[in-house]
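Q: prediction below, plus the sequence it came from.
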Amino acid sequence: MNQDHRDARGPHPMSSTVSPPWSPALALSGASYSAAELSPEGDQVFLLEQRELPGVERYVTLGTAAEVAEGIRAMVVRGAPAIGIAAAYGMALAARAAQTEDAEGYLAAMRQAGAILDAARPTAVNLSWAVRRALALAASHAHQGGAERAEAMAALGRAIHRDDVEACRAMGRLGAAHMPDEGAVLTHCNAGALATGGYGTALGVIRAAIEAGKRIRVLADETRPYLQGARLTAWELQKDGVNVEVLADSMAGWLMQRGEIKAVVVGADRIARNGDVANKIGTYAVACLAKHHGIPFYVAAPWSTVDLATPDGSAIPIEERSSEEVAVIGGKRMMPEGVRARHPAFDVTPAALVTAIFTERGAAAPGEIARLAG
Ligand SMILES: CSC[C@H]1O[C@H](OP(=O)(O)O)[C@H](O)[C@@H]1O
């Protein structure tokens, strides 16, 4: 993984650490940063290095599908839609690298790239969804010329990116109507522009509600151990000028009991056919607390996160990450040597605890999500 921006062509528009990318999707999102971008030539992928936020805003430059897969595995880029977009861009790099291959060689190369990308993380269905779309395109145009194939694969990645931003804006508008006119809304993890093509899912709902004039403020769970809430959600909302406060992961219940929290809205990594929702670890606990206190609990996700082939939450693979990611914070070990930490990276919230799911296709009670399949 190339840790800086210089390459054989000299300085790139991305050569400064904070210059925003230039994709049409970025313009649609309205942000000055982007989780994943493909160069205009389609030969480089740029990932915002989210492990260094909020202190450093830096893009890493990647040249191969394998490097993109490593960026997804290591959580340089994270968030279900964002890793789907990154994977699609990784497949575009693979198509470009296989330009001189005949149809059989091209398909073999694309299948190999798809397998490497698909294996990077197991829970977010967007990753395998994007790889499947790229492989379907590869099968349809394998007999075309190499440059034509590469351009078509890059166009698919850009379309997936743009469609995701449009989906976030649509679900944001729809979910905003369900937000309180004023008061605190709790969110868990980061389901913002950094987790998507831009604008965000849960944060898209919050952004749209504020844009519609609702006077809401945000309580963001820090979301140990990667601290997506403290590091990423707080960073995004501060940039937007939104009133945000960070909670330690143990605080939500007390604030709910005191009547301070009016609603909860979170993202998702995979929604099963029965409406069970896989999301960042800790989401289930928040949902139980919200149910106990009669607080609406909403999920916002693009249709690419809905997996009708998975019947219920028990069939969703839950990623186990390293003990070290729990034990070490900012380079400092918080536990005795030799003591291991559990690290399920996601949990499953049963449909019964979900008030409604917002997608770009509409809102549905969790048990009715399949109705939006059309
Ligand atoms: C908009 S989907 C964001 C979703 O992804 C996060 O997981 P991770 O940061 O490990 O990729 C988390 O579950 C968010 O809700």
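A: Everything's here; your move.
Q: what's the domain layout of this structure?
A: Using the TED database, the domains assigned to the chain come out as 16-168, 178-372.
Q: comparing these by mean pLDDT, which bottoms out?
A: Note on the domains of the chain: lowest mean pLDDT is at domain 16-168, with a mean of 94.
Q: sorry, back to before: could the domains of the chain be laid out in a markdown table, adding mean neighbour count?
A: Using the backbone N, CA and C atoms, a C-beta is placed for each residue, glycine as well. Formatted as a markdown table, these follow (neighbours: other CB atoms under 10 Å):
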| stretch | mean neighbour count |
| --- | --- |
| domain 16-168 | 21 |
| domain 178-372 | 20 |
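Q: now those as JSON lines including distance to the ligand?
A: Shown next, in JSON lines, are the domains of the chain (distance: least, CB to the nearest ligand atom, whole Å):
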{"stretch": "domain 16-168", "distance to the ligand": "3"}
{"stretch": "domain 178-372", "distance to the ligand": "3"}
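Q: residues in contact with Pro302?
A: Contacts for Pro302 (CB atoms under 8 Å, 6 or more residues apart in numbering) come out as Pro81, Asn126, Asp164, Ala167, Cys168, Met171, Thr196, Thr201, Thr359, Glu360.
Q: nearest spatial neighbour of it, chain-adjacent residues omitted?
A: Ala167 (4.1 Å; CB to CB, 6 or more residues apart in numbering).
Q: packing partners of the helix or strand the one you found falls within?
A: Assigned by DSSP states H and E, Ala167 falls within helix 146-176. Using 3 or more CB pairs under 8 Å, 6 or more residues apart in numbering; DSSP states H and E as the contact test, the elements touching helix 146-176 are helix 24-29, strand 36-38, helix 80-97, helix 125-141, helix 202-211, strand 297-300, strand 356-359, strand 362-364.
Q: now it and helix 125-141, what's the angle there?
A: 150 degrees (axes from the mean of the first three to the mean of the last three CA atoms, to 10 degrees).
Q: and helix 146-176, how far out from the chain middle?
A: Between the mean C-alpha location of helix 146-176 and the chain-wide mean there is a distance of 14 Å, by CA atoms, centre = their mean, to the nearest Å.
Q: what pairs with the next helix or strand after that helix, and is each one parallel or antiparallel?
A: Moving toward the C-terminus from helix 146-176, the next helix or strand (DSSP H and E) is strand 182-187. In the sheet, strand 182-187 lines up against strand 215-221 (parallel), strand 261-266 (parallel) (DSSP bridges).
Q: before we move on, the earlier item: for the residue nearest to Pro302, what are its contacts?
A: Pro302, Trp303, Ser304, Thr359, Glu360.
Q: is it true that Gln266 touches Gly192?
A: Rather than Gln, residue 266 is Val. No. Val266 is beyond contact range of Gly192, at 11.4 Å (criterion: CB atoms under 8 Å).
Q: joint contacts of those two?
A: Overlap of the contact sets of Val266 and Gly192 (by CB under 8 Å, 6+ apart) consists of Ala202.
Q: and Glu148, how far from Val45?
A: Counting by CB to CB, to the nearest Å, the gap from Glu148 to Val45 is 20 Å.
Q: Gly200 now?
A: Per CB to CB, Gly200 is found 21 Å from Val45.
Q: for the residue of the chain most remote from its centre, phi and psi?
A: Here the chain reaches farthest from its C-alpha mean at Asp102, the gap being 34.6 Å by CA atoms, centre = their mean. Asp102 adopts backbone torsions of phi -80, psi -180, taken as degrees, to the nearest 10.
Q: what's the answer for Glu245, then?
A: In terms of degrees, to the nearest 10, the main-chain angles of Glu245 are phi -130, psi 150.
Q: contact partners for it?
A: Per CB under 8 Å, 6+ apart, neighbours of Glu245: Arg217, Val218, Leu219, Ala220.
Q: want to throw those residues into a markdown table with distance to Arg371?
A: Listed next are these as a markdown table, based on distance: CB to CB, whole Å:
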| residue | distance to Arg371 |
| --- | --- |
| Arg217 | 33 |
| Val218 | 30 |
| Leu219 | 32 |
| Ala220 | 32 |
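Q: which one of the residues you listed is nearest Phe346?
A: Phe346 has its nearest neighbour among the contacts of Glu245 in Ala220, at 18.2 Å by CB to CB.
Q: just list whatever residues bridge to that closest one.
A: For Ala220, the beta-bridge partners under DSSP bridges are Thr187, Val246.
Q: thought it was touching Ala230?
A: Yes. With contacts counted by CB under 8 Å, Ala220 reaches Ala230, the gap being 7.2 Å.
Q: give the intersection of the neighbour lists for these two.
A: Val246.
Q: export stretch 359-367 as PDB, just CAs?
A: Provided in PDB are the C-alpha atoms of stretch 359-367 (Å, rounded to 0.1, in the frame of the first residue of the first chain):
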ATOM      1  CA  THR A 359     -34.100   2.800   2.700                       C
ATOM      2  CA  GLU A 360     -34.100   4.800  -0.500                       C
ATOM      3  CA  ARG A 361     -37.000   2.600  -1.600                       C
ATOM      4  CA  GLY A 362     -39.100   3.600   1.300                       C
ATOM      5  CA  ALA A 363     -39.600   3.000   5.000                       C
ATOM      6  CA  ALA A 364     -40.800  -0.300   6.400                       C
ATOM      7  CA  ALA A 365     -41.500  -2.100   9.600                       C
ATOM      8  CA  PRO A 366     -38.600  -4.500  10.000                       C
ATOM      9  CA  GLY A 367     -40.700  -7.600   9.300                       C
END
